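In: Please find the sequence and the predicted model below.
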Amino acid sequence: FWSQVPQGPADPILGVSEAFKADKSSKKINLGVGAYRDGNGKPYVLPSVLEAEKRLFNGSLDKEYLPITGLGDFTKLSAELAYGKDSKPIKEGRVAVAQSISGTGALRIGTAFLARFYPHAKAIYLPSPSWGNHTPIAKDSGLEVKQYTYFDKETVGLNFEGMKKDIQNAPNNSIILLHACAHNPTGIDPTHEQWKELSNIFKEKGHFPFFDMAYQGFASGDIDYDAFALRHFVSEGHQPILTQSFAKNMGLYGERAGAFSIVCNSAEEKAKVDSQIKILIRPLYSNPPVHGARLVSAILGDEQLRAQWLTEVKGMADRIIDMRHGLQSMLEDMNTPGSWKHISNQIGMFSFTGLKAEAVDALAANASIYMTRDGRISMAGLNKNNLEYFAENVSKAVKG
Ligand code: LMR
């Protein structure tokens with residue numbers, strides 16, 4: 001039956017993990033997928049999550065189906081975490097929220113909802129570059145994908161003028177995806193002043209903001225600071241779509257806990273939107289998994305556990321910052337050609353090193369060091385034990 005099925009390429013991000021697993025070297029390092037590792041290179045289960053697990057276990061909960069849009073406590077607490085408890089649309093009961101299969105699932109619901117109901121456009125603008133999965137998600141949902149300028153190769157920073165120009169030149173009422181914080185893959189975010197300018201341009205143009213927030217807390221170590229862009233847009237009257245993930249900031253990767261929300265005009269509009277979100281989700285996966293959502297609710301809903309979690313998020317962000325400084329100074333001490341300041345200036349989980357695809361391939365083949373072919377490294381994969389080995393090999397690759 002299937003002889004005509006063509007062989008597909010490996011996933012640009014998850015395929016790196018497969019190659020890493022197959023490598024037998026004891027020195028191998030995986031800097032591909034964005035998954036936090038502790039100081040010993042091991043996966044990290046947050047102590048607040050372990051405590052939440054204990055509480056759930058002792059609570060003898062059943063395993064019944066959740067409603068189509070998920071656990072009520074979870075959706076309420078997730079929306080408050082992102083928009084802020086005092087957010088006007090939340091207080092006015094006009095934010096439609098659904099639990100999702102993490103960030104990817106939220107993006108899928110959001111793009112499918114837009115493809116079905118957004119009256120002005122059937123295209124979505126993504127920053128160039130963007131997370132590798134954004135394009136296939138949007139396309140599979142039936143949206144056309146366009147791009148706006150984001151990264152400046154020369155400065156290894158934000159090309160803000162180019163970004164503004166492209167957003168200004170997009171047709172009125174365009175759908176534009178923004179990384180709310182800790183831009184993936186570049187690790188470069190607009191400043192608060194730049195976000196304010198962008199909000200004004202969106203207003204003039206009637207553009208529709210679609211915020212993807214997969215790293216709240218990871219950019220600065222402070223969840224409120226990281227929510228600035230979203231909250232500013234909302235305070236300016238925009239009614240965005242928001243996609244959230246608890247994979248990174250709670251380390252709940254495999255639990256697939258995320259949320260999708262749309263700010264509506266009124267409670268009546270919200271009720272209609274809610275009904276259509278249910279109609280979208282039901283044939284996709286019926287209803288979401290319960291365990292991860294319970295963990296998130298147990299943490300966010302308990303003052304003491306929430307405070308503990310915030311300290312742990314900051315701890316992860318700080319360890320990554322340490323690695324950034326360490327890597328920059330090692331590369332400089334090794335007289336590696338070029339400037340390496342961007343490693344420390346970038347934020348979030350990733351660094352966009354500027355390494356070319358050939359150098360990436362050579363590092364994998366010769367040193368068992370794995371990263372995505374765009375030269376992105378997950379900083380969390382570095383630790384005191386492998387930093388020097390990594391820096392030496394990067395230095396060698398750059399020197400040619
Ligand atoms: C990444 O960019 O590495 C993460 O968002 C994980 C993923 O699913 O790609």
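Out: Structure received. Numbers count the residues shown, from 1 in each chain.

In: From now on I want contacts and neighbour counts done on CA atoms only, so please keep to that.
Out: OK.

In: and the residue of the stretch 251-400 of the chain found nearest the ligand, what does it touch?
Out: Residue of the stretch 251-400 of the chain nearest the ligand, by CA to the nearest ligand atom: Ser378 (7.5 Å). Neighbouring residues of Ser378 by CA atoms under 8 Å, 6 or more residues apart in numbering: 31-35, 349-351, 371.

In: Show me which residues of the stretch 51-200 of the chain sit near the ligand.
Out: Applying CA under 6 Å from any ligand atom, we find that the stretch 51-200 of the chain lies next to the ligand at Trp131.

In: in this structure, which spans are strands?
Out: Ranges of strands within the chain are 29-30, 95-101, 123-128, 144-149, 151-152, 157-158, 175-179, 208-213, 241-245, 257-263, 350-352, 369-370, 376-378, based on DSSP state E.

In: Export these as CSV, with columns for mean pLDDT.
Out: Converted to CSV, these look like this (pLDDT from 0 to 100):
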stretch, mean pLDDT
strand 29-30, 96
strand 95-101, 98
strand 123-128, 98
strand 144-149, 98
strand 151-152, 94
strand 157-158, 94
strand 175-179, 98
strand 208-213, 98
strand 241-245, 98
strand 257-263, 98
strand 350-352, 92
strand 369-370, 97
strand 376-378, 95
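
In: picking up where we left off before, contacts with the ligand among the contacts of Ser378, please.
Out: Residues of the contacts of Ser378 in contact with the ligand (CA under 6 Å from any ligand atom): 33-34.

In: Which members of the contacts of Ser378 occur in helices, if any?
Out: Within the contacts of Ser378, no residue falls in helices by DSSP state H.

In: ok, how many other residues are close to Asp166?
Out: For Asp166, the number of neighbouring residues by other CA atoms under 10 Å comes to 16.

In: hang on, it packs against Lys146?
Out: No: with contacts counted by CA atoms under 8 Å, Asp166 stays clear of Lys146, the gap being 10.6 Å.

In: List the residues that contact the closest residue to Met330 other than its chain neighbours.
Out: Among residues not flanking Met330 along the chain, Ala391 sits closest, at 6.4 Å (CA to CA, 6 or more residues apart in numbering). By CA under 8 Å, 6+ apart, the contact list for Ala391 reads 327, 330-331.

In: In helices only, show me these.
Out: 327, 330-331.

In: Now list the buried members of those.
Out: Buried by 16 or more other CA atoms under 10 Å: 327, 330-331, out of the ones in helices among the contacts of Ala391.

In: ok, and which of those residues reach the ligand?
Out: Applying CA under 6 Å from any ligand atom to these, one finds that nothing falls near the ligand.

In: Next, format the ones in helices among the contacts of Ala391 as CSV and append pLDDT.
Out: As requested, the ones in helices among the contacts of Ala391 are exported to CSV (pLDDT from 0 to 100):
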residue, pLDDT
Leu327, 97
Met330, 97
Leu331, 96
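
In: With respect to Pro136, which of these is nearest?
Out: Nearest to Pro136 out of the ones in helices among the contacts of Ala391 is Leu327 (CA to CA; 33.0 Å).

In: That closest one and Leu31, how far apart?
Out: 14 Å (CA to CA, to the nearest Å).

In: picking up where we left off before, take the contacts of Ser378 and write them to a markdown table, including neighbour count.
Out: Shown next, in a markdown table, are the contacts of Ser378 (neighbours: other CA atoms under 10 Å):
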| residue | neighbour count |
| --- | --- |
| Leu31 | 25 |
| Gly32 | 26 |
| Val33 | 22 |
| Gly34 | 22 |
| Ala35 | 19 |
| Met349 | 28 |
| Phe350 | 28 |
| Ser351 | 26 |
| Met371 | 25 |
